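[1] 3D, please:
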Amino acid sequence: MIKSISLGEQILEMIDTLEQAIVELYELATNKDRKIYKFSKEMQAMLTAMYPVFEKLAKEESALMSGKLCKNVEYSLANIMYLLQDSSNLACQKIEYELLPLAQELYTDFYFWGFCYPDNNKMWNFYRNEMNDLCPLPYIKESEKINSYKYDLSIVLPAYNKLNFTKECVKYLFKYLPDNLSYELICINNGSNDETKLFFESIHPNKQIDIIENTKSFSVVSRIIEGKYTLFLSNDVILTPNAISNLLTCIKSDETIGCVAPTCPNVSNLQEIPAEYSSIKEMIDFSIKNNISNPYRWEQRARLTPPVALARSNNYFFYALFCYTYPYTPDRVFGFSDDLMSLLMRRNGYKLILAKDTYVYHFGDNALKDYSSKKQNFYQIGRKRFYDTFGIDPWGEGLCYDLKLVSSLSFSNVEPTEPTNILGINCGIGSDPLKIKEILKETYHNINVIVYNITNNSNFSDDLRGVSDKFQYVKNIEMIKTLYDNIHFKYIIIEGSIEKQKNPVRIINKAYSLLTQDGILAVKVVKLDLRNSLKGLYMQMVINDEWIIIKRI
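    Numbers count the residues shown, from 1 in each chain. The predicted structure follows:
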């Protein structure tokens, strides 16, 4: 936060004046008015005067990147004036879809980091009361009013150098775009110093944003999307046959699906599927066999880490993936933007789907790796900032399902129509109970499954509501017998440091009593003394690392 509020308010007024000038610049360009050249010089002088002030204020608040953003606006203006010599239409397009959005980003960025951050009360006032006005989706709102979109799909392709990846990405994008799909391609040259700008120009995207100073974000693109759906496509991804159409089929099937992502290699969060190939051709052949639309293979997740992601363009929470909504980290990088997008989706009633019927290839060699390797303690600092702002560790309990747990469970004697109840006790954000439900759906086509979750950690309440069929917050976990006296469960999962409970053995015994015949209780136990206490209490008990698996007979 800056010290001089009065000076900050003057700067905001100047940026607002700049935005109004850009609107006038557009009118002059449209009318091919010769006044535009003098007018642009006055705008240039305004930007030149603002830059040193931004640099001075950055010494008060290091989170400010207004100087870089100012340079991006200045660069855009210079390019537009150059384009005017040959094409007023292209210049007008750049004013509308690049220059004005960049100036709007400058205003919003300066306001948040200069006036709100790091005061949590002011940050949350921004999120709740000011963000919708300062971070709008103008074209989407207009489309909703008339119930008609300019495009079926907006494809967002950002690139920061890595031109060889970008060329491969574009090649397969054009090759496997569905027929009869109305789309716009939006390319963001995010401060590249190779020939990315020229390459993008050569493929003639519908919109191109050229940024000279990389601010580790491409949130500006959110201001110009016009498709009914938005596809984020990392430039180190190779698309495959039916990939886009399968993702569209999935998201159109259910209004509560907030975001859908394909499976791929070289990604975290266990989002791969078994695949063997040694060349791109073999990978494509594999994908053809895999990419057959199948709703049983649409797996709900508590979290997604997508190098490719599809969402409805009117879903405001999706744009956190672009660092557009809910700013909180001064670095502006994407290390936790997927975690934030997932959190916002969960907490607002939207499902996150991993479409296992869709496979793409991800090289996994991106700019974030370069950045994080140079930035000491990048992830540790990011996790703390996330926790301080949103109340949970983004990489904490229930982040992803536990492979050792899943491999230890028995899924025999499962009938497709058999009502099946699953109970999660202190399972963080709920990935393990959710995974069991999805296994029953995919493998046995059992969709008659209900996931119950309880926790005595209120920080997880909003997250668990988003991944549970039934959720309850309790102060004392020992209440489970009372809560579910008339319900029995096929699977019960206990996590969350059971050793910290007052009487963990009593809780485990109560949970055991709620099992169906042949039901399974899985308890994560770290301390050896509790494991020893449980030995001999149950006839069928198996220990797999930290997991104790107990079957009721």
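[2] can you name the element that comes right after the lowest-mean-pLDDT helix or strand in the chain?
    Using mean pLDDT, DSSP states H and E, the weakest-scoring helix or strand in the chain turns out to be helix 367-374, at a mean of 57. Tracing the chain past helix 367-374, the next element assigned as helix or strand by DSSP states H and E is helix 378-390.
[3] give the buried residues for that following helix.
    Applying a neighbour-count criterion of 16 or more other Cβ atoms under 10 Å, one finds 378, 382-383, 385-386, 389-390 buried in helix 378-390. Glycine gets a C-beta too; all of them are placed from N, C-alpha and C.
[4] can I get these in TSV with pLDDT?
    TSV is the format used below for those (pLDDT from 0 to 100):
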residue	pLDDT
378	83
382	91
383	93
385	94
386	95
389	96
390	96
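[5] need the three-state assignment for residue 184.
    With DSSP: H, G, I helix; E, B strand; the rest coil as the basis, residue 184 sits in strand.
[6] circling back to that earlier point, among the buried residues of helix 378-390, which one lies nearest to residue 546?
    Distances from the buried residues of helix 378-390 to residue 546 were compared by Cβ to Cβ; the smallest belongs to residue 383, at 22.0 Å.
[7] and the closest one, what does it touch?
    Applying Cβ atoms under 8 Å, 6 or more residues apart in numbering to residue 383 gives the contacts 336, 393-395.
[8] highest neighbour count among those residues?
    When the contacts of residue 383 are compared by neighbour count (other Cβ atoms under 10 Å), residue 336 ends up highest, at 23 neighbours.
[9] do you know how far that residue is from residue 465?
    If you measure residue 336 against residue 465 using Cβ to Cβ, to the nearest Å, the figure is 22 Å.
[10] endpoints of stretch 88-107, how far apart?
    Distance between the two ends of stretch 88-107: 27 Å, counting by Cα to Cα, to the nearest Å.
[11] what's the answer for stretch 390-409, then?
    Using Cα to Cα, first and last residues of stretch 390-409 are 33 Å apart.
[12] what ranges of the protein fall below the confidence cut-off?
    When the per-residue scores of the chain are filtered using pLDDT under 70, the ranges that remain are 365-376, 413.
[13] and with 80 instead?
    Low-confidence segments of the chain, defined by pLDDT under 80, are located at 333-335, 365-376, 412-416, 536.
[14] remind me, longest helix of it?
    Counting by DSSP state H, the longest helix found in the chain is helix 5-30.
[15] returning to that earlier point: sort out for me which of the contacts of residue 383 are in helices.
    Assigned to helices by DSSP H, none of the contacts of residue 383 qualify.
[16] okay if I get the residues you listed as JSON lines plus distance to residue 290?
    What follows is these, written out as JSON lines (distance: Cβ to Cβ, whole Å):
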{"residue": "336", "distance to residue 290": "30"}
{"residue": "393", "distance to residue 290": "34"}
{"residue": "394", "distance to residue 290": "30"}
{"residue": "395", "distance to residue 290": "29"}
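[17] tell me the gap between stretch 231-249 and the middle of its chain.
    On the basis of Cα atoms, centre = their mean, to the nearest Å, stretch 231-249 is displaced by 16 Å from the centre of the chain it belongs to.
[18] ends of it, what's the gap?
    Looking at stretch 231-249, the gap from its leading to its trailing residue is 13 Å under the measure Cα to Cα.
[19] and the protein, what are its domain boundaries?
    Residue ranges for each domain of the chain read 5-134, 138-369, 403-551, as given by automatic domain parsing.
[20] residue 324 should be in a helix, yeah?
    No. Residue 324: not assigned to a helix; according to three-state DSSP it is coil.
[21] look up how far residue 66 lies from it.
    Going from residue 324 to residue 66 by Cβ to Cβ gives 17 Å.
[22] what about the two, which has more around it?
    residue 66 (27 against 23).
[23] helix or strand: which one has the nearest residue to residue 233 once chain neighbours are set aside?
    Spatial nearest neighbour of residue 233, excluding adjacent residues (Cβ to Cβ, 6 or more residues apart in numbering): residue 157 at 5.0 Å. Secondary-structure assignment from DSSP H and E places residue 157 in strand 151-159.
[24] ok, and what's touching that strand?
    166, 169-170, 173, 181-190, 192, 196, 200, 205, 218, 221, 225-235, 244, 248, 313, 322.
[25] mind checking how far that strand is from the chain centre?
    With Cα atoms, centre = their mean as the basis, strand 151-159 stands 16 Å off its chain's centre.
[26] can I assume residue 358 sits in a helix?
    No. When three-state DSSP is applied, residue 358 is found to be strand, with no helix at that position.
[27] how near is it to residue 300?
    On the measure of Cβ to Cβ, residue 358 and residue 300 end up 15 Å apart.
[28] pick out whichever of those two has more residues nearby.
    Using other Cβ under 10 Å as the criterion, residue 358 and residue 300 rank with residue 358 on top: 32 against 17.
[29] what helix or strand is the closest residue to the more buried one other than its chain neighbours located in?
    Using Cβ to Cβ, 6+ apart and skipping residues adjacent in sequence, the residue nearest residue 358 is residue 262, 3.8 Å away. Secondary-structure element containing residue 262, defined by DSSP H and E: strand 257-263.
[30] first to last residue in stretch 342-360, what's the distance?
    Its first and final residues considered, stretch 342-360 spans 21 Å by Cα to Cα.
[31] now residue 482: how far from residue 454?
    As judged by Cβ to Cβ, residue 482 and residue 454 stand 11 Å apart.
[32] what about these two, which has more around it?
    A direct count of neighbours by other Cβ under 10 Å for residue 482 and residue 454 places residue 454 higher, at 21 against 10.
[33] show me what contacts that one?
    Taking Cβ under 8 Å, 6+ apart as the criterion, residue 454 is in contact with 423-426, 471-474, 477, 480, 483.
[34] what do you get if the cut-off is 7 Å, keeping everything else the same?
    For residue 454, the set of contacting residues under the criterion of Cβ atoms under 7 Å, 6 or more residues apart in numbering consists of 425, 472, 474, 480, 483.
[35] residue 392 now?
    When contacts are counted by Cβ under 7 Å, 6+ apart, residue 392 touches 459-460, 463.
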